[in-house]
Structures are given as structure tokens and as C-alpha cells.
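>>> With the input below, show me the fold.
(2 chains)
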Amino acid sequence: MAQNVEAALPDKYKNMSEWYTEILERAEVIDIRYGVKGFIVYRPFGMILMKNIIKLFEEELEKTGHKPFLFPVVIPERNLRMEKEHIKGFEGEVFWIEKGGYTPLEERLALRPTSETAIYPIYALWFSSYKELPFKGYQTCAVYRYETKATRPLLRGREFLWIETHNVYFTEKEARDQTVEDAEIFYKVATEKLGIPFLHLKREEYDKFPGAVDTYAFDTLLPDGRVLQIGTTHYLGTNFTKVFNVVVHDEEGNLVNPHSTCYGIGLSRILASILLIHGDEYGAVLPFDIAPTQIVIIPIYKAGFENKEIDKYCNEIHESLKNEGYRVIFDNSEKTPGEKYYYYDMRGVPFRIEIGPKEVQTSKVTVFRRDTRSRETIPLEQLKEYIVKTKDEILKNLREKAEKRLKDNIIEARTKEELIEAFKKEGRKIYKVFFCGRKECADEIKSVLEGLETRGTPINEKGEGPCVWCGEPGHICYLAKAY
RNA sequence: GGGCCCGUGGUGUAGCUUGGCUAGCAUGCCAGCCUUGGGAGCUGGUGGUCCCCGGUUCAAAUCCGGGCGGGCCCA
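Residues are numbered from 1 along each chain as shown, chains lettered A, B, ... in the order given. From the prediction side, this is the model:
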């Protein structure tokens, strides 16, 4: 057998596309061969991973008072057209159902590109008093957008999974506060539990969600230097409650339109980000909490040793870890240990326990940590403690590495010359500049600097200065190429 | 939206320019032997609508047209 540990995948920083396509297939995350552009099959491994991610977000949403519901996937055309800005933004990418069997439908039905126009007509029926507010509701579902841009598995599909919340408040302040809570939820789950850092940005006026008053977005950085929007939250004002006639009585008996928000959590993209940001040349590297398999036990048999002893020892460990509630498997199939290592490395199993004659004879275990790819031999009685402690270290390690990379890839530029110079030298990265907020400047930047887009102004940083492009007064803004 | 590349057993590919052999190779999968501390070896076996539709031809994986799907670059 080979002595060296050969990489299974290319370097993701040199060739992200190839790395990504490979891991999706080899770790059996999704199947891209369904045959309809922009639509994919989630395979069991990918779907278990997805469900674990969903659970983390749903728990956090329910903790903050959100109630689950599920609205239909179809939206009647007249509803979709109610809010003018909204339909303008989505019209070009709606899938339409025009027939039932052989009969043309009297009214076309849209596959939801997002659910505001499905939900608000019902909200109009549900609420009649300020006392019934706030109402916080969410659904986890697929939405459909006929993307004309190049589709990419999980990153840009015509069908994708997300969680959407649709909240209604009596006052503007409560509604605006919700967008802050949304960001906190995102931080708690994406960063603290999944190790995915992001920029919390307020999108420029011309980049808002169609129909929103303000749009806040969460952008993360991928290995190729592009950014990916993985979540957004919007303050909708009374734009939607007005057109859908959602009205409640206030304390004095006047009829008023309440304020609303919506929040989208891009599940498919978050799954892709976890793979892309934490993964290495041996495959996926997963945080312990979401890993479909958290621990694998691999026996190492030896001629001349009683292998039943090894099996017995492994079975005991297996039982004891299962009793702790961990997702653990004992792989005593006939494949060689090396082959199993590659297999479980690819799937991002956080811990591997190797048991051979040495371990059995000394009552020890050899534990391999997927994130650092390091081995350690410890007494068996310390195993549980080791896992409890180390699973948190793994998450911390993944998160800190990702945070460092995001930070290290932000480059400041003050003037047009500085920006162009920096871009020539650094290429695809995130550029921090002052920006006047005018679309004309953004368009010029995009065409001169190979697709660099204004991603918005950071929420946690204030600052003013002359626009990097035109010199007019501006605010802080990040520029990056996006997916 | 524009440009370039690609589609052959489960997977990765050769063959295509210049049409013609039983569609070759690797890997996977199955059985057996041997082995097991980072993808072992040997023997035997299994597996193909050559993406789809149409055209040219005595003959198409190969040439032509259209479609579908995938990748890359640019807007």
C-alpha cells in the first residue's frame, strides 16, 4: 500500500470549480444529472446534512417566537401582480402553469419565486386588531426562479431551498428591530454553529428587494474570491400590507396598515458555503453538530491476532458512544483501512477512531481529527471527555480560519487609481471604499473592473468620505464580484 | 444576453480530424484467494439506447441540422 497520503481533490483555491464539482459527486451530496437545467437531486448524504442545517435555523426561529406554516407553491397571477415594484423585479423569472391537463387555466398560476403575494391575502383575513400583532411566521420550502444567468448546483438553481419568514408589526420600530434580530439569528447559526462568517450589509437603493423599503444582506466569501449572498432581511414598510389590504384597528379604532418584514435564509447556498469554505483536498470538513456521521470506528485487523477481540472492543465503544446520542458507525467491512479513511474523509466525518491490536492491548484509542488531520492516542476512559472538548475546538478552528480569510481578503482603496491598481494586483477580492450611492458610478465600476459590484454598506461600521469613483460625498461600501 | 469547450458501461476516459474490426483502457461492482496502522495484489465475472430527434450514406460514436444537458469566460 502507498505510504504517502495523496490528496483526493485539487486545491480549491486554485480551481474551485473542479474541486466543487468533484466533491458534490464524490461525497454524494447531490446528483446533477436530473436533466432539467437548474434542478438537482439531493442525495441522502446531502439531504441529511441539509436537514441538520435546517433544524438549527428553525430552532432559533421558534425561540424568537416564529410559528411554522406552509403556503401553496402556486400563486394566482392577479396576486403576484398586486405590488408593482415586486412584479417588476420578478416578472422575467417566473415559471408559469398555464394548463390543467388539456384545459387552459382561466388564470395562470405562478410557481412562487418568493411568497409575499401568496401570504398577504391570507394575512388580510387573519388580522383585525393591533392586539393580534406582532405575528411572526415562517416556512421552509423550495422556491422557483427562471434564472437566465448560468445556473450552478446549489449556488444558483432554478429551484432552491430556503426558509422565509413573513412578519407583521403594528409599529415601524418593531418591524425595523426585526431586521436586527434576523441578523442576530443568522450570526448565531451561520457563524457560531456552522463557522461561516459573513458581511452584514445594507444594499444600495438600486439593489433592494423588489418592493422593500430597506434590504439587508449577508454575504460570505468563497475560495475563488467571489462573494455569495446567503441571506437577506427586508423592511417592507407598509408596501405590502397596503396593496393586499392588511388592516388592523389601532387603540382609537382607526384602521391602519401594519408594517412588515421578510427574511430569506438561503439553505442551498449555506450548504454549498459549508462545503466550499471548510473543505480541503480530502473532501468535506464538517462541524460536529451537523455531520451526518459524527464518529466512525475503524478496526485494523492483523494476521496472528485474535480479531474477534478487536471487534468486541470496537462494539463496546460503538455502543457507548451511541448511548451518548452521537451518530456513530462501526465500519468492519472488508475494505482496507486506507480506503475507509479516504471514504470518511470525503464525507467530512469529524472523528475517526482507529482500533488495532495495540489499542486493545493497552485499553487505548487512536483518534483522528478531520479538521487538523492529526492523530492522537488516548486512554479509552478519556474518549468521551475528549470528544466533548474537541468537537468545540473543531468548530472554533474552522470558524477562526474562515474569519481570518474573510478579513485578510478585504482591501481598502481611497481613490479610483488606488482601486484600479489594487484590483490589477489582487484580482478577485473584497474592496472597501467610499461610494456615493449613484447607480452610474456602480455601473462604471462594474464594467471597468470586470464585474465588481457594490454589495452595500456595512451595518457595524460608520464612516464618510469622497466616492472612490467620482469624488462626491459617500459612505463606506464593499465591492466584490458575486455569484 | 454574448463567446468558447464538452456529452461514450455506475464513474473517468480512448476512438471522432480522414465514416467500416467484437466500441479499447482505467476505475467501480460481484465471487474466490490472500491481505489489513492512508485508496494492496492475483484470478474469474458483471456492466453500453456512444445525450435526444432528424438528415447524408451501402454503412454514423464519428459528417450535417436542430434540441436538451453540463462546464468555463464575458456582460
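>>> Any residues of the stretch 51-200 of chain A in contact with RNA strand B? List them.
Taking C-beta under 7 Å from any atom of the strand as the contact definition, the stretch 51-200 of chain A meets RNA strand B at A:Thr148, A:Lys149, A:Ala150, A:Thr151, A:Arg152, A:Pro153. Bear in mind the C-beta positions are built from the backbone N, C-alpha and C, glycine included.
>>> bridging residues for the residue nearest to A:Phe127 when sequence neighbours are not counted?
Closest residue to A:Phe127 apart from its sequence neighbours, by C-beta to C-beta, 6 or more residues apart in numbering: A:Val248 at 5.3 Å. As for beta bridges, A:Val248 partners with A:Val256 under DSSP bridges.
>>> wait, isn't A:Val248 in contact with A:Ala124?
No - using C-beta atoms under 8 Å, A:Val248 is not in contact with A:Ala124; the gap is 10.2 Å.
>>> These two: who's more crowded?
A side-by-side neighbour count of A:Val248 and A:Ala124, using other C-beta atoms under 10 Å, places A:Val248 first with 19 against 14.
>>> State the mean pLDDT of stretch A:58-76.
Taken as a whole, stretch A:58-76 has an average pLDDT of 98.
>>> Quick one: residues in contact with it.
Applying C-beta atoms under 8 Å, 6 or more residues apart in numbering, the contact partners of stretch A:58-76 are A:97, A:107-112, A:115, A:117-119, A:122, A:134-142, A:144, A:163, A:165, A:167, A:181, A:185, A:188-189.
>>> Would you work out how far apart the start and end of that stretch are?
28 Å (C-alpha to C-alpha, to the nearest Å).
>>> Show me what counts as buried in the helix or strand hosting A:Glu421.
Assessed by DSSP states H and E, A:Glu421 sits inside helix A:416-426. Going by neighbour count (16 or more other C-beta atoms under 10 Å), the buried part of helix A:416-426 is A:Lys416, A:Leu419, A:Ala422, A:Phe423.
>>> Any residues of the stretch 351-483 of chain A in contact with RNA strand B? List them.
Near RNA strand B, when you scan the stretch 351-483 of chain A using C-beta under 7 Å from any atom of the strand, you find A:354-359, A:366, A:368, A:373, A:446-447, A:450-451.
>>> A:Met50 should be in a helix, yeah?
Yes - applying DSSP: H, G, I helix; E, B strand; the rest coil, one finds A:Met50 inside a helix.
>>> In this structure it contacts A:Ile270, no?
No - using C-beta under 8 Å as the test, A:Met50 is too far from A:Ile270 to be in contact (9.0 Å).
>>> ok, these two, which is more surrounded?
Summary of the neighbour comparison: A:Met50 and A:Ile270, criterion other C-beta under 10 Å, with A:Ile270 having more neighbours (29 against 22).
>>> If we ignore the residues flanking it in sequence, what's nearest that one?
Excluding its sequence neighbours, the residue lying closest to A:Ile270 (C-beta to C-beta, 6+ apart) is A:Ile230, at 5.2 Å.
>>> tell me what the strand or helix carrying that neighbour is packed against?
Secondary structure assigned from DSSP H and E places A:Ile230 in strand A:227-237. Counting contacts by 3 or more C-beta pairs under 8 Å, 6 or more residues apart in numbering; DSSP states H and E, strand A:227-237 is packed against helix A:172-186, strand A:214-221, strand A:259-265, helix A:267-278.
>>> Of these, flag the one that's most buried.
Comparing the helices and strands packed on strand A:227-237 on average neighbours per residue, with mean count of other C-beta atoms under 10 Å, the densest one is strand A:259-265 at a mean of 26.
>>> residues in contact with that strand?
Under C-beta under 8 Å, 6+ apart, the answer for strand A:259-265 is A:57, A:114, A:116, A:138, A:162-172, A:174-175, A:178-179, A:182, A:186, A:209, A:230-238, A:240-241, A:246.
>>> cool, stretch A:439-449 as well?
A:204-206, A:419-420, A:423, A:435, A:452-454, A:467, A:469-470, A:479.
>>> Same question for that stretch: list its buried residues.
For stretch A:439-449, by 16+ other C-beta under 10 Å, it's A:Cys441, A:Ala442, A:Ile445, A:Leu449.
>>> hang on, the earlier thing: need the contacts of stretch A:439-449 in CSV with secondary structure and pLDDT, can you?
What follows is the contacts of stretch A:439-449, written out as CSV (DSSP: H, G, I helix; E, B strand; the rest coil; pLDDT from 0 to 100):
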residue, secondary structure, pLDDT
A:Glu204, coil, 95
A:Glu205, helix, 94
A:Tyr206, helix, 92
A:Leu419, helix, 94
A:Ile420, helix, 93
A:Phe423, helix, 91
A:Phe435, strand, 96
A:Leu452, coil, 92
A:Glu453, strand, 93
A:Thr454, strand, 95
A:Cys467, coil, 96
A:Trp469, coil, 95
A:Cys470, coil, 94
A:Leu479, strand, 95
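>>> between those residues, which is closest to RNA strand B?
A:Leu452 (9.0 Å; C-beta to the nearest atom of the strand).
>>> Find the residue closest to the closest one in space, skipping its chain neighbours.
A:Leu452 sits nearest to A:Leu479 (C-beta to C-beta, 6+ apart), 4.6 Å away.
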